[in-house]
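Novice: Sequence first, predicted model second:
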Amino acid sequence: MIDEDPDNGTGGAPASPEPDRMGAATDTGAIDALIDLMARLPGLGPRSARRAVLHLVKHRGRQLAPLAEAMRTVADTARECLNCGNIGTADLCPICQNNARANGQICVVGDVADLWAMERSGVFKGRYHVLGGTLSALDDIGPEELRIPKLLDRVVSEHVSEVVLALNATVDGQTTAFYIAEQLGEGVEVTSLAQGVPIGGELDYLDDGTITAALKARRKF
Amino acid sequence: MDWRDRGTLLSLRKHGESSVIIQVFTEGHGLHAGVVRGGTGRRLTTILQPGAQLEVVWRARLDQHIGAYTVEPLQSRAGLLSDRLALSGLNAVCALLAFCLPERAPMPGLYTLTQALLAAMEDSDDWPLDYLHWEMALLEQMGFGLDLTRCTVSGRTEGLTYVSPRTGKAVHAEAAGEWIDRMLPLSPALVRSEGVGLSDLLAGLATTGHFLANRLAPELGDRPLPKARQRLVDLLARE
């Protein structure tokens, strides 16, 4: 059913042409193009893209038009923060602009998605640094390809007292963490996130790697 | 066609949105690649880490296809994640194997040595010497083995002090002659399995490194050796 919202975006224009006798809709190039573009998004394929586009068209006033406007705004303004690598709409992201976040702590993450995950928890009150990946021996990704030199500069210029390494608990993530810790040396406290049993986790369902790490990192109870 | 085997995961890279292509050094089928569907999912990412020992089933319609793996974990190397030197060793082993090994050529002897080395990295502090001997075995397997049993000039078996950088054979101190400045040291670490100091170990790694970089790598398309190996050597030098 077409949305009865008066602000349906048609502006009184004539309805779309009736499907021809063969059952194929005519003049749907723009809609097909939209479906094709949405089908390329992560998690979407042609079928789910068609469903999404049909939903948007049926609710064009409430969803399609605002979505198009928001996408246009982000396309025009989104950029990497010059300081930390976060995504924002100005040269400095809101976290780097917030003086209250300059508490001497920097949390190092591999990707913007990790930064957003940390921010969702609401626990960390310092600033971030996004490396843009991890060192990889096999893919020949070295420190120059990551934002490690910039991190070292920030530790000095921002008078950082603690660097929290929030990198993935993978071979590449931990290799990167050790490398960064070496580069930082003794002048700053270097800490890392704990690794082990997740909240709600049952031992019977954990892999042996997680159990091993948890046992190694055990502490007095 | 299909087969079942066990192996060590060396590398993985994303393939499409949810799959990965992994390279596994298997016991019976050598270095073998395959697609793992759903490899980026939460369950498999914990399993598919470099160094992990896996049981794998490989299936393909034709032998020359890349095929698909299903994997089950046998042994994780998570215990190495908190040890900087051992993690560096793991990276060096995986990088060198991925760099050197031809595809689909079984090397059961090297496979067994590799498993023993990775186990030693978790259990023993003396594994760096095992690593040096593993590099010697790798060179042997690739056709650049060192012959340190007798002098290549005089045939003598005692007083062997140098290694010829060209042939990889031992040279007696008196037989080196005018080439003495070009000789590589025959470190005790190359022939002993214990009682070796750090300087001897590093000298041994310099010798194997010479053959890896100057004899083996040129035969493999003249690519530089993986940086992971030099990083391990650098860390050992700082110990």
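Specialist: Arrived safely.

Novice: Please list the residues of chain A that sit near chain B.
Specialist: Counting by C-beta under 8 Å from any C-beta of the partner chain, the residues of chain A close to chain B are A:42-43, A:137-140, A:142, A:169-171, A:174-175, A:178, A:195, A:207-210, A:212-213, A:216-217. For the C-beta atoms, the positions are set from N, CA and C on the backbone; glycine is no exception.

Novice: excluding its backbone neighbours, what's nearest B:Leu201?
Specialist: In space, and not counting its chain neighbours, B:Leu201 is closest to B:Ala189: 4.8 Å by C-beta to C-beta, 6 or more residues apart in numbering or on different chains.

Novice: quick revisit: which of the residues of chain A next to chain B count as buried?
Specialist: Neighbour-count burial (16 or more other C-beta atoms under 10 Å in any protein chain shown) applied to these gives A:137-138, A:169-171, A:174-175, A:178, A:195, A:209-210, A:212-213.

Novice: A:Thr212 versus the closest residue to chain A within chain B, what's the distance?
Specialist: In chain B, the residue that lies nearest chain A is B:Ala78 (3.0 Å; C-beta to the nearest C-beta). As judged by C-beta to C-beta, to the nearest Å, B:Ala78 and A:Thr212 stand 5 Å apart.

Novice: circling back: among the residues of chain A next to chain B, which are in helices?
Specialist: Those of the residues of chain A next to chain B mapping onto helices are A:171, A:174-175, A:178, A:208-210, A:212-213, A:216, per DSSP state H.

Novice: And these, which two are furthest apart?
Specialist: Across these, the longest distance by C-beta to C-beta is 22.4 Å; it joins A:Phe178 and A:Asp208.

Novice: list the buried ones in stretch B:3-12?
Specialist: Buried residues in stretch B:3-12 (16+ other C-beta under 10 Å): B:5-12.

Novice: any idea how far that stretch is from the chain center?
Specialist: For stretch B:3-12, the separation from the chain centroid amounts to 15 Å (computed by C-alpha atoms, centre = their mean, to the nearest Å).

Novice: for stretch A:47-57, same thing?
Specialist: 24 Å.

Novice: Return the alpha-carbon coordinates of it using CSV.
Specialist: Output of stretch A:47-57 as CSV, limited to C-alpha atoms (Å, rounded to 0.1, in the frame of the first residue of the first chain):
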residue,chain,number,x,y,z
ARG,A,47,16.9,-9.5,-3.0
SER,A,48,17.3,-7.5,0.2
ALA,A,49,18.1,-4.4,-1.7
ARG,A,50,14.9,-4.7,-3.7
ARG,A,51,12.9,-5.1,-0.4
ALA,A,52,14.7,-2.1,1.1
VAL,A,53,14.1,0.1,-2.0
LEU,A,54,10.4,-0.9,-2.2
HIS,A,55,10.0,-0.1,1.5
LEU,A,56,11.6,3.3,1.0
VAL,A,57,9.5,4.1,-2.0
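
Novice: residues of the helix or strand of chain B with the lowest mean pLDDT that come out buried?
Specialist: Least confident helix or strand of chain B, by mean pLDDT, DSSP states H and E, is helix B:42-47 with a mean of 88. Using 16+ other C-beta under 10 Å as the test for burial, helix B:42-47 gives B:44, B:46-47.

Novice: Which helix or strand lies directly C-terminal to it?
Specialist: Reading on from helix B:42-47 to the C-terminus, the next helix or strand found by DSSP states H and E is strand B:53-59.

Novice: Would you mark the buried spots in that following strand?
Specialist: Result for strand B:53-59 [16+ other C-beta under 10 Å]: buried residues B:53-54, B:56, B:58.

Novice: Could I get the contacting residues of the residue most central in space within chain B?
Specialist: Taking C-alpha atoms, centre = their mean, the centroid of chain B lies closest to B:Val93, which sits 4.2 Å from it. By C-beta atoms under 8 Å, 6 or more residues apart in numbering or on different chains, the contact list for B:Val93 reads B:51, B:114, B:117-118, B:131, B:134.

Novice: That one: what secondary structure?
Specialist: Recorded secondary structure, B:Val93: helix (DSSP: H, G, I helix; E, B strand; the rest coil).

Novice: Can you tell me who B:His32 pairs with across the strands?
Specialist: Note on B:His32: beta-bridge partners by DSSP bridges are B:Val24.

Novice: mind listing the helices for chain A?
Specialist: Using DSSP H, the helices found in chain A span residues A:29-39, A:46-58, A:65-77, A:94-97, A:112-121, A:148-157, A:171-184, A:208-216.
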